[in-house]
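**Q** pasting the sequence and the predicted coordinates here, then a few questions.
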Amino acid sequence: MRILRRRDVEHVTGLSRSTIYSMMSEGNFPKPLRLGKRAVGWPESTVIAWLEQRTDKSSM
């Protein structure tokens, strides 16, 4: 399993840091995994699945 750090998530999704955290607080973006005391990351598969879900909804 590959873990994406925040900058990687920003690059893959095209979202800014503030948008990612705002969407997380609204329940519209997956929460990260705690990797250490001050580090978090998202499983790449979770981010890709989220993107695919958004793409599927927009094509309806």
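**A** It's in.

**Q** who does the top strand by length along the chain touch, helix- and strand-wise?
**A** Secondary structure assigned by DSSP state E gives strand 40-43 as the longest strand of the chain. With contacts taken as 3 or more Cβ pairs under 8 Å, 6 or more residues apart in numbering; DSSP states H and E, strand 40-43 sits against strand 3-4, helix 6-13, strand 33-34. No exception for glycine: its C-beta is placed from N, CA and C like everyone else's.

**Q** which among the ones you listed is found nearest to Ile48?
**A** With Cβ to Cβ as the measure, helix 6-13 is the member of the helices and strands packed on strand 40-43 nearest Ile48 (7.9 Å).

**Q** and the helix or strand that the closest one is followed by, how far from the chain's centre?
**A** Next along the chain after helix 6-13, taking DSSP states H and E as the criterion, comes helix 17-25. Centre-to-centre, helix 17-25 and its host chain are 9 Å apart (Cα atoms, centre = their mean, to the nearest Å).

**Q** flag every buried residue along helix 17-25.
**A** Residues of helix 17-25 classed as buried under the neighbour-count rule (16 or more other Cβ atoms under 10 Å) are Ile20.

**Q** circling back to that earlier point, so which of the helices and strands packed on strand 40-43 is the most surrounded?
**A** strand 3-4 (a mean of 18; mean count of other Cβ atoms under 10 Å).

**Q** show me what contacts the residue most central in space within the chain?
**A** For the chain, Val47 is the residue whose C-alpha lies nearest the centre (Cα atoms, centre = their mean; 4.8 Å). Applying Cβ atoms under 8 Å, 6 or more residues apart in numbering, we find Val47 in contact with Leu4, Val9, Val12, Thr13, Pro30.
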